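Student: show me how the following folds:
(chains A and B)
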Amino acid sequence: MSRFAQALPVFAAAAMTSFGATTANAYTAYITNEKDNSLSVIDTDKLEVIKTVKIGQRPRGIVMSKDGKWVIVCTSDDNDVKIYDAKTLEYVKSLPSGPDPELLTLHPDGKRLYIANEDDNLVTVVDIETSKVLTEIPVGVEPEGMGMSPDGKVLVNTSETTNMAHFIDTENHKTFDNVLVDSRPRVAMFNSAQTQLWVSSEVGGTVAVINPADRKLITKINFEIPGVEKEAIQPVGIRITKDGKLAFIALGPANRVAVVDTSTFKVLKYILVGQRVWQMYFTPDDKLLLTTNGASNDVTVIDVANQKAIKSIKVGRYPWGVVVSPD
Amino acid sequence: MAFALTAAFALPARAEDSPQPAPIPIPTAQPQGVNIKILYVKENRSKELPLSLLDQPNPDDGIAGAKLGIADNNTTGRFLNQTFTMDVLEGDIDELIKGATEKLSGGDSFIIADVEPDSLLKLSDALAGKPAQIFNVGNPDDRLREEDCRPNVMHTAPTRTMLADALTQYLVWKRWPNWLLVVGPSPKDQLLADAYRRSAKKFGAKIVEERQFKIDTGNRRADGGYEQIQQQIPQFLQGAKDHDVVLVVDEDEVFADYFPYRTWVPRPIAGSAGLVPSSWHPALELWGGTQFQNRFKKLSGRIMRPIDYDAWVATRAVGEAASRKQTSDFKTLRDYMHSPKFDVAAFKGIATSFRTWNGQFRQPLLVSTPKQLVSVSPQQGFLHQFSVLDTLGIDKPETKCKAYTQ
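Tutor: Numbers count the residues shown, from 1 in each chain, chains lettered A, B, ... in the order given. Now for the predicted structure:
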């Protein structure tokens, strides 16, 4: 077993005290720090880091189990996915993931985990209970973004060099359609009504909105920020509010999150956050949005209702992924 | 009814706010299949071997990069019912022209050429007016993009002026503007030295002194030899005017690597040894580079060199055009690659494309030591009216290329 497999609480004493005092809407956010091989734990009520633990090598994509008991992390340089206990942060087990896992998504059945293997042009499907690989799905070059339809019937994977969104039937695990998007697609995200699929293109600098029913492009969103050169606008993370009204787009080295109206597709606002903003996650009540800012080593907390950045929280080096506990 | 309502209210916020998802229909139809052929031509040349054992040429230099491009295109093509194949021809230029002409009638319209500058002109003139698009991967000569440009040639190799500008921008940013320029004896070295002189003028660096390097250092593999080099290089550099950097110009890599740590006064070496500008570096891991390097290593069993990268770019450009246009029609693909709408993601962090006035591939360039990336040019603060990438090399207002405007 790898020497990184065991979770090592760094500030165990501090954590003991803060974990006891959870209020009604205090959720826990988990941040992977790519360069530090660590996980920062944030209390979303106090808005501070309550614990930092060492985990596997090059942690990136992160999700939680449906019941909120497990934190599931792609440890890319260990070539596996590691599961940690969400409360104690103790190492539970590793899942076989195929080489260089980057992003993952959990099926609504709570069992099937879909993992993008960037090095092998595959999506690996693993049962998180039995830890068995169910199947491997061949996709385009450098698979990355993983968007699951809310009903669990369709998985969309984006491949960075092939520049496609691959539509995969989760019944038979076959691709049934492939939609070309602009260069280097990073993230795919369905709205909750399943009437829109949003795909960000990092190098293309655009976000494609696709109708999942016929896979036709509804619109393509461009971004323009005064004083920011065009090349720096690199959309990556996408999150859509549960009511389906607003989409938040992380614009990478433009250091901003764009707020987009999902009916007019107009950009309502650019919120200034930390440097090289990539991934984001809402608290379950949709009140806060947390962003990972890789180059400034912090997390920006956005007040969703007021569309304002309210705090930045220092975490580890090169924060990459973020997830918030369901309760 | 009442029961159902109660159940709905009891659900957590997520489901309550979410509209009922609309089902997604799943079709079965496949697009019609097409095949696109690429021809790789490599001219046999006798060349002096580079100094270091680490830099010895591989028989598949360039070809391996194109092969990876074909593999990447086919992975993408699988989903569009497009296949890509590649033929390789090696020989002297007359054999290559004969072979390319024959292959052209069989549909090999996209030709990647690793040939000498005059051979490139010969090849392009022989195929003029035919449905052929040549990609130059072997030559940095600016004249091939300027006074000798050809409408059927695009260039994925960076030019000498682009490479010189990339290094100069970094040295200027670093505030090391005073250079001692050491120039080798080959005609190529004279051209590269011209590029550095132009670059110094363009970005405000100063060549405080110039020396021609003429010492015959002998065969690279003689048993021994360092004893003499250790004496020769410092003596050669003795008594130079005060400088920040020794800029060594040696395009054939036959003496520049003797310079680091052998200078008269302690100064860094840049240019053809030490800090070197290039289109690719085998240790680059930025922007998804790790996966790209791994794929190359798996396919070829070695590390990726700039000419492999340049050939990959050419192959991917054809693949990118074919997947966007969903056709194998030569004119459609050719016109699209030449248009300002075309871009391709090439592991450089930002979109890369071809200059519409001479077909030169426009890209960020790397400034690195033999083992690590030091920086990426254009540097911060070097601005341009249209694209910062056009701060590297000869720009549109200065171009001497006429063939593209006709």
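
Student: any chance of the backbone angles for residue B:227?
Tutor: Summarising the backbone geometry of residue B:227 under the convention degrees, to the nearest 10, its torsions are phi -60, psi -40.

Student: with just CA atoms, put whatever helix or strand residue A:188 lives in into PDB.
Tutor: Secondary structure from DSSP states H and E places residue A:188 in strand A:185-190. Below are the C-alpha coordinates for strand A:185-190, written out as PDB (Å, rounded to 0.1, in the frame of the first residue of the first chain):
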ATOM      1  CA  PRO A 185     -13.600  21.300 -23.600                       C
ATOM      2  CA  ARG A 186     -13.100  20.900 -19.800                       C
ATOM      3  CA  VAL A 187     -16.500  20.600 -18.100                       C
ATOM      4  CA  ALA A 188     -20.000  19.400 -19.000                       C
ATOM      5  CA  MET A 189     -23.000  20.300 -16.900                       C
ATOM      6  CA  PHE A 190     -26.700  19.600 -17.300                       C
END
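
Student: in its sheet, what does it sit against?
Tutor: strand A:197-201 (antiparallel) (DSSP bridges).

Student: right, and the helix or strand after the strand it pairs with?
Tutor: Per DSSP H and E, strand A:197-201 leads on to strand A:206-211 as the next helix or strand towards the C-terminus.

Student: re earlier: now the strand holding residue A:188, how far from the centre of its chain.
Tutor: Shown here is strand A:185-190, whose average C-alpha point lies 10 Å from the average C-alpha point of the whole chain (Cα atoms, centre = their mean, to the nearest Å).

Student: and the stretch 301-406 of chain B, which residues reach chain A?
Tutor: Residues of the stretch 301-406 of chain B that fall close to chain A, judged by Cβ under 8 Å from any Cβ of the partner chain: B:316, B:320, B:323-324, B:343-345, B:349-351, B:388. Yep, even glycine has a C-beta here, placed from its N, CA and C like the rest.

Student: let me see the contact set for the nearest residue to residue A:245 once chain neighbours are set aside.
Tutor: Taking Cβ to Cβ, 6 or more residues apart in numbering or on different chains as the measure, residue A:245 lies nearest to residue A:262, with 5.9 Å between them; neighbours along the chain are not counted. Listed by Cβ atoms under 8 Å, 6 or more residues apart in numbering or on different chains, the contact partners of residue A:262 are A:191, A:196, A:240, A:244-247.

Student: doesn't residue B:94 belong to a helix?
Tutor: Yes - counting by DSSP: H, G, I helix; E, B strand; the rest coil, residue B:94 is located in a helix.

Student: pLDDT value on it, please?
Tutor: pLDDT for residue B:94: 98.

Student: for residue B:26, same thing?
Tutor: pLDDT, residue B:26: 78.

Student: where's it, which helix or strand?
Tutor: Secondary structure here is read from DSSP H and E; on that basis residue B:26 sits in neither a helix nor a strand.

Student: let me see the ranges of the strands in chain B.
Tutor: For chain B, applying DSSP state E gives strands covering B:34-43, B:82-91, B:110-114, B:133-136, B:153-155, B:178-183, B:206-212, B:245-249, B:269-271, B:276-278, B:353-354, B:361-362, B:365-368, B:373-377.
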